[in-house]
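S.K.: attaching a predicted model along with its sequence, questions to come.
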There are 2 protein chains.
Amino acid sequence: MDVKTLCLGLLTQGAASGYDLKKRFETCFRSFYSAGYGSIYPALAYLADTDLVTCEEISQDGRPDRKVYRITDKGRNYFTEALSNHHPAHKMRSEFLAMVFFAEFIPPDHLSKLIDDRTTELEQTLAQLEEMSATLAKHPDAGVEFVAGFGQTITRAALEYMRQQRHLLTKETSAQRQAS
Amino acid sequence: MDVKTLCLGLLTQGAASGYDLKKRFETCFRSFYSAGYGSIYPALAYLADTDLVTCEEISQDGRPDRKVYRITDKGRNYFTEALSNHHPAHKMRSEFLAMVFFAEFIPPDHLSKLIDDRTTELEQTLAQLEEMSATLAKHPDAGVEFVAGFGQTITRAALEYMRQQRHLLTKETSAQRQAS
DNA sequence: AGCGCCATGTAAGTGGTTACATGATTGT
DNA sequence: ACAATCATGTAACCACTTACATGGCGCT
């Protein structure tokens, strides 16, 4: 499941520009997939080339032209076909966990910062997922609901674990505890 | 944090061959990182070239030669340096969640299979993590313990959510419920 | 004055996957 | 007999990332 296919999928939920799609990736897929412009724009160009989407150029005053992409019937068929045959992989590379695995090689203050930063990221992800769940009341969709709920469950579990178990990594001396 | 650096890190825990390292990846890193021979062997060749590891060839009867790699002082320094400066990224691409997001486009029986397969994978991961925690009693290490615990927490949360919320996706008819 | 948002793209580079190539040993 | 395990590697390919290129608008 490459960015091409996912763009096609997102376009089943309504027409969008490359810029819009990036935002949809960031909101809808934030907890499990990411894509940059460098993969989205070429993907859209390819999809338009193969008639899976159409492209409408809209000139705006004072802004660059907007290219709005719409999925075609061919595209919708292709997407359904792709989903029906594909066997998903779960590829994850958490450099955060990889580093923590080797915690004894990391200076304590740097390690603390890593944990704080990751915690903040998780909090932001959670906030975004909750927002997504809130808007679901208007546009109910079982798949989206499942995924949003899944993200929230996992993210909450991760946050709770980090808060409760961080002491395993940052064994403060009593002097440090008094200073803080 | 590429495979090169992670190989170097694993070698801080003891000498190993490429084959051994793959196994360590599969056990220690299973829940958050993966690497195949196609990246491990070239990584080791590079590390040996740059004197971050040494390589000892051991001929065995009836088996291919074994190449045992050991980290050097230079390697250890390099690794510590790398960890101290690196800011980790959390890159995850779950094709499973991406597909489920578009559940309405997937035939019900295929969808059920996806969920079952993912559940099995999670169960296997959990079993492996519990095994890892068990062996930790002998070789205590704060980082490893934190990561193993983290994996278990997340994996359990994921399994529980999948069991409780799968009905959102597979709305069985009463006929299907009676048949099963 | 400067930052962030809107908006699109390309080119070079990176890093990892997949398929191929080889082959004995051990267990079922 | 057949599968799994042990054991190493290469070459072609692929998908994505990063850096670059451009530029006006609106807010503070």
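M.R.: Received it, and whenever you're ready, just let me know what you need.
S.K.: contacts and neighbour counts: CA atoms only from here.
M.R.: Fine.
S.K.: next structured bit after the top helix by length along chain A?
M.R.: Of all the segments assigned as helix in chain A under DSSP state H, the longest by residue count is helix A:108-135. For helix A:108-135, the succeeding helix or strand toward the C-terminus, using DSSP states H and E, is helix A:142-165.
S.K.: what is that next one packed up against?
M.R.: helix A:108-135, helix B:95-101, helix B:142-165 (3 or more C-alpha pairs under 8 Å, 6 or more residues apart in numbering or on different chains; DSSP states H and E).
S.K.: so which of those helices gets nearest A:Ile40?
M.R.: helix B:95-101 (16.0 Å; C-alpha to C-alpha).
S.K.: so does the closest one get close to chain A?
M.R.: Yes. Under the criterion of C-alpha under 8 Å from any C-alpha of the partner chain, chain A is reached by helix B:95-101 at B:95-101.
S.K.: farthest pair in these?
M.R.: B:Glu95 and B:Phe101 (9.6 Å).
S.K.: output the lowest mean pLDDT helix or strand found in chain A.
M.R.: The weakest-scoring helix or strand in chain A, judged by mean pLDDT, DSSP states H and E, is helix A:174-179 (a mean of 53).
S.K.: next, count neighbours for A:Thr50.
M.R.: 12 (other C-alpha atoms under 10 Å in any protein chain shown).
S.K.: and the gap between it and A:Lys74?
M.R.: Look at A:Thr50 and A:Lys74: by C-alpha to C-alpha, to the nearest Å, they are 9 Å apart.
S.K.: on that earlier part again, the longest helix of chain A versus helix A:142-165: what angle between them?
M.R.: For helix A:108-135 against helix A:142-165, the angle by axes from the mean of the first three to the mean of the last three C-alpha atoms, to 10 degrees is 150 degrees.
S.K.: for the residue nearest the centre of chain A, phi and psi?
M.R.: Nearest to the mean C-alpha position of chain A, counting by C-alpha atoms, centre = their mean, stands A:Arg30 at 1.9 Å. Here is the backbone geometry of A:Arg30 (degrees, to the nearest 10): phi -40, psi -40.
S.K.: which residues touch it?
M.R.: A:Thr125 (C-alpha atoms under 8 Å, 6 or more residues apart in numbering or on different chains).
S.K.: and A:Ile106, by the same measure?
M.R.: B:80, B:83-84 are the contacts of A:Ile106 under C-alpha under 8 Å, 6+ apart.
S.K.: buried sites along stretch A:110-130?
M.R.: Going by neighbour count (16 or more other C-alpha atoms under 10 Å in any protein chain shown), the buried part of stretch A:110-130 is A:111, A:114-115, A:118-119, A:122-123, A:125-126, A:128-130.
S.K.: oh sorry, the question was meant for stretch A:84-99
M.R.: A:84, A:88, A:90-99.
S.K.: what's the domain layout of chain A?
M.R.: For chain A, automatic domain parsing gives the domain ranges A:3-85, A:95-179.
S.K.: check those domains for me: which has the lowest mean pLDDT.
M.R.: The stretch with the lowest mean pLDDT among the domains of chain A is domain A:95-179, at a mean of 90.
S.K.: that one near DNA strand C anywhere?
M.R.: No. Residues of domain A:95-179 contacting DNA strand C under C-alpha under 7 Å from any atom of the strand: none, with a closest distance of 10.3 Å.
S.K.: hmm, that domain touching DNA strand D?
M.R.: No. Against DNA strand D, domain A:95-179 shows no contacts by C-alpha under 7 Å from any atom of the strand, the least distance being 12.4 Å.
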